[in-house]
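**Student:** Sequence plus the predicted model coming up.
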Amino acid sequence: MSNRFLSVDEAKDFLAANPTVQWIDAFVLDTNGHPRGKRLRRGDLVGVAKSGMMMPGSVFIMDPRGNCIAETGRLWTTGDPDYNFRILAGTLGAVPVDGTRFAQAVIVPEKDDPLDPRLVLQKQVERFKAHGHTPVAAVELEFYVTCPGPGGSFTLEAPPGVSKDPDIPLTFQFEDMDALQAFNDDIYRIAETQGLPVDALTQESGPSQFEINLKHSDDVVQAALDGLLLKRAVKAAARAHGLFATFMAKPHHDWAGSGMHIHMSLIDKAGANVFAGEPISPLFRHALGGLRETMPDFMTIWAQSANAYRRYVPESYVSMAAHWGFNNRTVALRIPDQKGPGTRVEHRVAGADANPYLVIAAILAGAAHGIANKIDPGPEVQGNSEELDATPLPTTWASALERFETSSVVRDAFGVEFQNVFARLKNTERLNFERIVTSLDHLWYAQVA
């Protein structure tokens, strides 16, 4: 977890090593995980490395469309001031498509901002390190690739050569990957250039749906950032091939949703996995108990958009209750069949459109709550968890937000300011979304009203 800023010498070395780069996208990852920033000319990079660049603090109160939400109390009442942002060391990298004319760099506030999702995660890491433990995490992301509509807009049309029949699942097969191999090659080329620790590529069950895994890291702040930068790499590769890539959680009601699975464990100062045991350690059981108990509190972190709640449907490998079990994909908290150093939990609830900074922060907060209070997780689930009676997760946006904004666990972990602002931000987004009259309203109701 580096908090060091890019030095002038590093900026000069990068320019010398990348003579074709003419533009650098310098961006901060906002609350939704979306990049917001400025496109710098090559000649401006050294100056920004030296002194930073100004951005409005309201970048952390933007909805997905880029609207600054006044209801957060962070806009007109504050005068919407600028803050100085600096380039984070280790994030300046070329984007090797389109003749490598472009590069990118992540910027962060020079002074801590309680609304910065990266800072929220850093604080959870510090809680564990104070007790001699270091979190380890890996991010898995699912996404769809389609043909763009007019002006590059999203459509549901699968690319040429790719299966278009959602009733013929191609999970773990290679046909769609073969048809899109040049696109896949560019994803991995971008990732290699930028130092993203990508692992296997998998074909999923939806039409031209894929999953890419990132490798485990004992720097979970960097692991979350790698997940965010992987999204950008996938989108850049798609544009280079005239395609459109989306991490939307549920692009079609009859297609499989796209999730973000987080693998998480803890190691001690000697590097030993403290979750390991026979079959798991008591500390791991307490962490699972906390994850189960707090899962409803953080539901609006797992599902950060209106569309994300459409993903929670039966028989879709998306658990709607906080169950746990060994080697069981029907549960929310899956313990993969690996022992010793590989012992971990796979958290399977979040949508692919969520912000990995906040998702991992919420997972760590839940685990810390369980360990501190020695919460028992109850019995493991064997078989289909959907056949068991259980308290469901709040899978409507309004109920999830109500739980989040009144939760003492959220307040203690994320801070009262983040809790209040995030709840107002998302409640306003929800109300704006729900007031829109859609074509479905007309189709279902116009003739009968």
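**Tutor:** The structure has been received and is ready for your questions.

**Student:** ok, Ala287 to Thr343 distance?
**Tutor:** Using C-beta to C-beta, to the nearest Å, Ala287 is found at 11 Å from Thr343. (Glycine included, C-beta is placed from N, CA and C.)

**Student:** Need the overlap of contacts for these two.
**Tutor:** When contacts are counted by C-beta atoms under 8 Å, 6 or more residues apart in numbering, the set common to Ala287 and Thr343 consists of Phe275.

**Student:** Those two: who's more crowded?
**Tutor:** Between Ala287 and Thr343, counting by other C-beta atoms under 10 Å, Ala287 is the more crowded of the two (29 against 20).

**Student:** ok so that one is a strand residue?
**Tutor:** No. The assignment for Ala287 is helix, going by DSSP: H, G, I helix; E, B strand; the rest coil, so no strand is present there.

**Student:** For the spatially closest residue to Ile335 that is not a sequence neighbour, give me phi and psi.
**Tutor:** Across the structure, with C-beta to C-beta, 6 or more residues apart in numbering as the measure, the residue nearest Ile335 apart from its sequence neighbours is Phe326 (4.8 Å). Note on Phe326: backbone dihedrals following degrees, to the nearest 10 are phi -90, psi 130.

**Student:** Thought Leu333 was touching Phe326, still the case?
**Tutor:** No. In this structure Phe326 lies outside contact range of Leu333 using C-beta atoms under 8 Å: 10.4 Å.

**Student:** What segments of the stretch 301-449 of the chain are helices?
**Tutor:** Remark: helices of the stretch 301-449 of the chain, listed N- to C-terminal, are 356-373, 397-405, 408-414, 416-434, 439-445; assignment by DSSP state H, counting those that start in this stretch.

**Student:** want to throw those helices into JSON lines with mean neighbour count, distance to Ala130 and mean pLDDT?
**Tutor:** Putting these into JSON lines (neighbours: other C-beta atoms under 10 Å; distance: least, C-beta to C-beta, whole Å; pLDDT from 0 to 100) gives the following:
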{"stretch": "helix 356-373", "mean neighbour count": "25", "distance to Ala130": "10", "mean pLDDT": "98"}
{"stretch": "helix 397-405", "mean neighbour count": "19", "distance to Ala130": "25", "mean pLDDT": "97"}
{"stretch": "helix 408-414", "mean neighbour count": "19", "distance to Ala130": "14", "mean pLDDT": "98"}
{"stretch": "helix 416-434", "mean neighbour count": "18", "distance to Ala130": "20", "mean pLDDT": "97"}
{"stretch": "helix 439-445", "mean neighbour count": "9", "distance to Ala130": "51", "mean pLDDT": "93"}
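
**Student:** so which of these gets nearest Arg310?
**Tutor:** Distances from Arg310 to each of these were compared by C-beta to C-beta, and the smallest falls on helix 397-405, at 10.4 Å.

**Student:** got the angle for that closest one vs helix 356-373?
**Tutor:** Orientation of helix 397-405 against helix 356-373 (axes from the mean of the first three to the mean of the last three C-alpha atoms, to 10 degrees) gives an angle of 50 degrees.

**Student:** neighbours around Asp30, how many?
**Tutor:** 22.

**Student:** so what's it up against?
**Tutor:** Each residue near Asp30 by C-beta under 8 Å, 6+ apart is listed here: 36, 59-60, 62, 117.

**Student:** can you count the residues close to the residue nearest to Thr78 when sequence neighbours are not counted?
**Tutor:** Sequence neighbours aside, Gly57 is the residue nearest to Thr78 in space, at 7.4 Å (criterion: C-beta to C-beta, 6+ apart). The burial count assigned to Gly57 is 19, neighbours taken as other C-beta under 10 Å.

**Student:** Next: Lys215.
**Tutor:** Look at Lys215: counted by other C-beta under 10 Å, it has 14 neighbours.

**Student:** Over to Gly90?
**Tutor:** Considering only other C-beta under 10 Å, Gly90 is surrounded by 16 other residues.

**Student:** How about the one 4 residues further on?
**Tutor:** By the other C-beta under 10 Å criterion, the neighbourhood of Ala94 contains 19 residues.
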